[in-house]
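> Predicted model, plus sequence, below.
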Amino acid sequence: MRRLRIFTWHVHGSYLYNLVQAPHDFYVPVRPGRPEGYGGRTGSFEWPDNLHEVSAEDASRLAIDLVIYQSPKNYFIDQFEILSAEQRRLRRIYLEHNAPREHPTDTRHPVDDPGVLLVHVTHFNALMWSSGRTPTMVVPHGVVVRSDVRHTGELARGVVVVNGIQRRSRIAGLDVFEDFRRLVPLDLVGMGSGALGGLGDLPHRELHAREARYRFFFSPIRYTSLPLALLEAMAIGLPIVALATTEVPEAVPDGVAGFVSNDLDKLLEGMRLLLRDPELARRMGEQARMIAAERFGIGRFVRDWERAFEGARNIAHGDLR
């Protein structure tokens, strides 16, 4: 495939960082004050040179090949404010990051357009959304971690990485985290975590280096897409303790790469076992690392996105195969 010029918005920094590993040029709009969706190359990521900022005022004059929408606001508002009519007729992809919220099985996806390719990030999400006439495909997550960061596990504590856990409350498992924190040593990282006595929002590189020292990674999340932070922890080599919800049981084999269950007593027992037995944590963490390399490596992720770009081209030309 020739090198494409792709326009999108900065919606989820971690996902955008992985997406721009594809060998294409990506353009993200910026506005004064860098409001939501218009942050550009912000955040704690080491952005590659193929991610370019463009003023929102100049976006309509940009020569591009494809547009990726990542939120209802992008699709229903932003595109009409900053893109030209010609740009809006180009190849179009709607990247859906989330599982349906209104109802787990009966929610219609907001995009209802046979000219748009709807890309889901997990098979669970694709199964649960009612996508109607919009063509869909799944591109499972891919993650990038530094090759020199590996799990050491000398810190007999668990680490939890969740952004906005207070704001998302039960969905993000705030109550589960707080209950477990009273029983085992856990540290919380992520946006807003400082208010709960956590470590705050750490830069991407620092986060990976620090969490490598923890004995295990715990995900208390009830109902979101498969967390990228969980997959990054697997790639580093941490054993995982997590609820058996959404796509997690597919990604983390219970008893192999960690402990996955909806039985909270079983998860607590698993945590205490990992804290007592560093060698077990090392073995499970190595299994997690190998699974992440095979299933969620950035090479596979980029190849899948190349197929999505080609699929969007076929749809734009009326070929829905």
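Nice, I can see it. None of these values were measured; they are calculated from a predicted model.
> Which secondary structure state does Leu127 sit in?
Assigned by DSSP: H, G, I helix; E, B strand; the rest coil, the conformation of Leu127 is helix.
> Next one: it from His12, what distance?
Using Cβ to Cβ, to the nearest Å, Leu127 is found at 21 Å from His12. C-beta here means a position set from N, CA and C on the backbone, and glycine is covered the same way.
> bridging residues for Asp25?
Residues in a beta bridge with Asp25, per DSSP bridges, are Arg5.
> hmm, I was thinking of His120
Bridge pairing for His120 (DSSP bridges) gives the partners Glu96, Val138.
> show me what contacts it?
Residues near His120 by Cβ atoms under 8 Å, 6 or more residues apart in numbering: Glu96, Ala126, Trp129, Thr136, Met137, Val138, Val139.
> Closest to Ala56 out of these?
For the contacts of His120, the residue nearest Ala56 by Cβ to Cβ is Glu96; the value is 23.2 Å.
> how about the helices of the stretch 151-300 of the chain, start to end?
Here the stretch 151-300 of the chain has its helices, by DSSP state H, counting those that start in this stretch, at 165-172, 174-181, 204-211, 228-236, 248-251, 264-276, 278-295, 298-316.
> any weak-confidence spans in this protein?
Applying pLDDT under 70 to the chain flags residues 319-321.
> now with 90?
Across the chain, the ranges flagged by pLDDT under 90 are 1, 42-46, 102, 145-147, 168-169, 201, 203-205, 224, 316-321.
> domains in it, as residue ranges please.
Here the domain parsing of the chain from automatic domain parsing is 5-142+298-316, 155-295.
> So which of the ones you listed is nearest Val149?
Smallest distance to Val149 across those (Cβ to Cβ): 4.8 Å, for domain 155-295.
> From one end of that closest one to the other, what's the distance?
This stretch, domain 155-295, spans 28 Å end to end (Cα to Cα, to the nearest Å).
> Kindly report the same for stretch 109-124.
Terminal residues of stretch 109-124 lie 14 Å apart, using Cα to Cα.
> and if you look at stretch 144-164?
22 Å.
> which parts of it are buried?
Residues 144-145, 149-153, 157-163 are the ones in stretch 144-164 that count as buried (16 or more other Cβ atoms under 10 Å).
> chain center to stretch 97-105, what's the gap?
Counting by Cα atoms, centre = their mean, to the nearest Å, stretch 97-105 is centred 16 Å from the centre of its parent chain.
> Next: stretch 79-87.
On Cα atoms, centre = their mean, the centre of stretch 79-87 falls 27 Å from the chain's centre.
> buried ones in it?
Of the residues in stretch 79-87, Gln79, Ile82, Leu83, Gln87 count as buried by neighbour count, 16+ other Cβ under 10 Å.
> Just these: which are in helices?
If you go by DSSP state H, these have Gln79, Ile82 in helices.
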